[in-house]
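Visitor: Build me a model:
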Amino acid sequence: MVLLIVGAILVISGGVLFFVKRHHSGRAYCLKVSRPATVAELEKMSSEIAQEIGGGNWRDYVRLAGRVQCDRPLVSQLAQQPCVYYSMTVRREYEETVTRRDSDGKEERTTERGSETVASHQQSTPFVLKDHTGAIAVDPNQADFETITVLDEFRPESPGNFLSVGGFSLALSPQGAGRRTIGYRYQEVIVPIDRQVTVVATVSDAGTGLTLQRPTESGKQFIISLRNAEELTKSAERNAKASDIAMKSCLVGGSILAIAGLVTGL
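Guide: Okay, the predicted model is just below:
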């Protein structure tokens, strides 16, 4: 039975890794098929197409590099850093007494550590991507952001039922019996302003000007990253290869163990 359970867990893990591999393979593909361009090139092409068939319907899957600029940036909740995207999480870490029965039916009490999310929030705002040829609007809604960590800090529990860090505050609910709060971990990541980024997106002339936005075509990813295209591609290919090896190992190993468990009953 043990072999069967372990085998099933490995097979399930292999199934999860299949989707991980597909994500990274898809990212590598998108980085290769997206057309590298500058803002000036996109503006010229948009103007030429508008003269021929009219504006408002042009779409292209492109890749641009430039600096993030924003007149009214967000301020991240915890670290209070100017940015165009942030994601924050506050987790409570605790100890609790757990009672179990052993194989002889005797009760055993152990102290275990755990954690739970008490608050989380993410937000983005439109910004401008500026390269050496011009500037273009970016609508980051539903983008896959690659970020930097600006806060990862554990603070022991303090008296009272109120948390306050930066612009974040929270009134805490009473905790259940048997759990003792150790403290709270505060984590926050951002896409800062005035940093070089790579944007893989669909360019559209549907609005008042050109905008980089989420692709509508299935399989095309919307990426905003602090790394350049070459680094992104190499990382995606490396992760896809590692996921593929791990997936095959889990599926083969899990199948062997599951069959052995069924045959032997172990």
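
Visitor: need the longest strand for this structure.
Guide: Among the elements of type strand in the chain, defined by DSSP state E, the one spanning the most residues is strand 82-101.

Visitor: next one: that one to chain centre, how far?
Guide: 17 Å (C-alpha atoms, centre = their mean, to the nearest Å).

Visitor: helices and strands around that strand, which ones?
Guide: Applying 3 or more C-beta pairs under 8 Å, 6 or more residues apart in numbering; DSSP states H and E, one finds that strand 82-101 contacts strand 74-75, strand 107-124, strand 168-171, strand 179-192. No exception for glycine: its C-beta is placed from N, CA and C like everyone else's.

Visitor: how about these, which one is nearest Val138?
Guide: Closest of the helices and strands packed on strand 82-101 to Val138 is strand 107-124, at 9.8 Å (criterion: C-beta to C-beta).

Visitor: That closest one to strand 179-192, inter-axis angle?
Guide: Put simply, strand 107-124 runs at 20 degrees to strand 179-192, going by axes from the mean of the first three to the mean of the last three C-alpha atoms, to 10 degrees.

Visitor: Point out the other helices and strands that strand 107-124 packs with.
Guide: Strand 107-124 sits against strand 82-101, strand 168-171, strand 179-192, with contacts defined as 3+ C-beta pairs under 8 Å, 6+ apart.

Visitor: List the buried residues of the helix or strand following it.
Guide: Elements were assigned by DSSP states H and E; along the chain past strand 107-124, the next helix or strand is strand 127-131. Within strand 127-131, the residues that qualify as buried are 127-129, 131, counting by 16 or more other C-beta atoms under 10 Å.

Visitor: Which of the residues you listed sits closest to Glu116?
Guide: Comparing those against Glu116 with C-beta to C-beta picks out Phe127 as the nearest, at 33.6 Å.

Visitor: can you list the weak-confidence ranges in the stretch 51-200 of the chain?
Guide: Residues of the stretch 51-200 of the chain meeting the criterion pLDDT under 70: 103-105, 174-177.

Visitor: Can you tell me what sits against stretch 159-167?
Guide: With contact meaning C-beta atoms under 8 Å, 6 or more residues apart in numbering, stretch 159-167 is reached by 75-80, 90, 118, 155, 169-174, 184, 186.

Visitor: What is the end-to-end distance of it?
Guide: Start and end residues of stretch 159-167 are separated by 20 Å (C-alpha to C-alpha, to the nearest Å).

Visitor: can you check stretch 99-117 too?
Guide: 24 Å.

Visitor: what about Arg101, how many neighbours?
Guide: Residues lying near Arg101 (other C-beta atoms under 10 Å) number 9.

Visitor: Which helix in the chain has the most residues?
Guide: Taking DSSP state H as the assignment, the helix of the chain that covers the most residues is helix 229-264.

Visitor: Report the rounded mean pLDDT for it.
Guide: When the per-residue pLDDT values of helix 229-264 are averaged, the result is 78.

Visitor: May I see the buried residues of it?
Guide: Within helix 229-264, the residues that count as buried by 16+ other C-beta under 10 Å are 229, 232-233, 235-237, 239-240, 243-244, 246-247, 250-251, 253-254, 257-258, 261.

Visitor: This completes my enquiry, with thanks.
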